[in-house]
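Novice: Okay, here's the prediction I keep looking at, along with the sequence it came from:
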Amino acid sequence: KIFYEKRYSGSLNAINNRYLAQYHPERCKTITDLLEGSRTRPEEFILQAGTKDEHPDSQILAQSMKELMDYMTLWNKSHGNHLHILNFSIHVDESTPHVHVRRCWDYIDTDGNPRLGQEKALEAAGVGLPNPDQPVGRYNNRKMTFDSMIRTEWQKILKSHGLEIETEPLPRRKHQIREA
């Protein structure tokens, strides 16, 4: 919330003032609205290596995560600083060690204010569509390209630590219901 307040309060006030001038106070938003909005809330993703039975040592996971954060930081600096890692947490107390990462994306609007918006931010960062000849949509968007790049880098980092990993996705499976 502190990051959102520092980064987006100015642009939020400008937008709200515009709505008030247009006699649309019902459109005004708060920082809490941004934090909870489906298009403006932080995105969380999970990184994992292995299964509950076979997984790397937590130190290797932590080192791998540091290397991925370094990679994303360098990528971000060279692509306009549109990505903001809000926090990450390494969970080693559960059956499979994994990492939770929270991030958000923004771009600079025509008034020079930072605005939350993943697709516009990725476009401003120069990230292309998976299928450039197709329209932007649920199955053709810049986040797919970015996530693929990050997944490839994550796999490369894990392999550099001597881990043998599968890189082909498993087919989607429905949860199995177990009877007691």
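Specialist: Yep, it's here.
Novice: going forward, measure contacts and count neighbours with C-alpha atoms only.
Specialist: Fine.
Novice: What average pLDDT does the strand ranked longest in the chain get?
Specialist: Across the chain, the longest stretch assigned as strand under DSSP state E is strand 98-108. Averaged across strand 98-108, pLDDT comes to 95.
Novice: List the buried residues in stretch 94-112.
Specialist: Buried positions in stretch 94-112, judged by neighbour count with 16 or more other CA atoms under 10 Å: Thr96, Pro97, His98, Val99, Val101, Arg102, Cys104, Trp105, Asp106, Tyr107, Ile108.
Novice: ok now do the fifth one, which residues does it touch?
Specialist: Right, the one you point to is Val101. By CA atoms under 8 Å, 6 or more residues apart in numbering, the contact list for Val101 reads Glu44, Phe45, Ile46, Leu47, Ile85, Leu86, Asn87, Phe88, Ser89.
Novice: how far does the lowest-mean-pLDDT helix or strand in the chain sit from the chain's center?
Specialist: Using mean pLDDT, DSSP states H and E, the weakest-scoring helix or strand in the chain turns out to be strand 43-48, at a mean of 90. For strand 43-48, the distance from its own C-alpha centre to the chain's C-alpha centre is 8 Å (CA atoms, centre = their mean, to the nearest Å).
Novice: residues making contact with that strand?
Specialist: Strand 43-48 is touched from outside by Thr96, Pro97, His98, Val99, His100, Val101, Arg102, Arg103, Cys104, with contacts defined as CA under 8 Å, 6+ apart.
Novice: How much space separates the last one from Glu166?
Specialist: To Glu166, Cys104 is 29 Å away according to CA to CA, to the nearest Å.
Novice: follow-up on the earlier one: just put the buried residues of stretch 94-112 in a markdown table and tack on distance to Leu116.
Specialist: Formatted as a markdown table, the buried residues of stretch 94-112 follow (distance: CA to CA, whole Å):
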| residue | distance to Leu116 |
| --- | --- |
| Thr96 | 33 |
| Pro97 | 31 |
| His98 | 27 |
| Val99 | 24 |
| Val101 | 18 |
| Arg102 | 14 |
| Cys104 | 7 |
| Trp105 | 6 |
| Asp106 | 4 |
| Tyr107 | 7 |
| Ile108 | 9 |
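Novice: Same question for Asn17, what's its three-state structure.
Specialist: Secondary structure, DSSP: H, G, I helix; E, B strand; the rest coil: Asn17 is helix.
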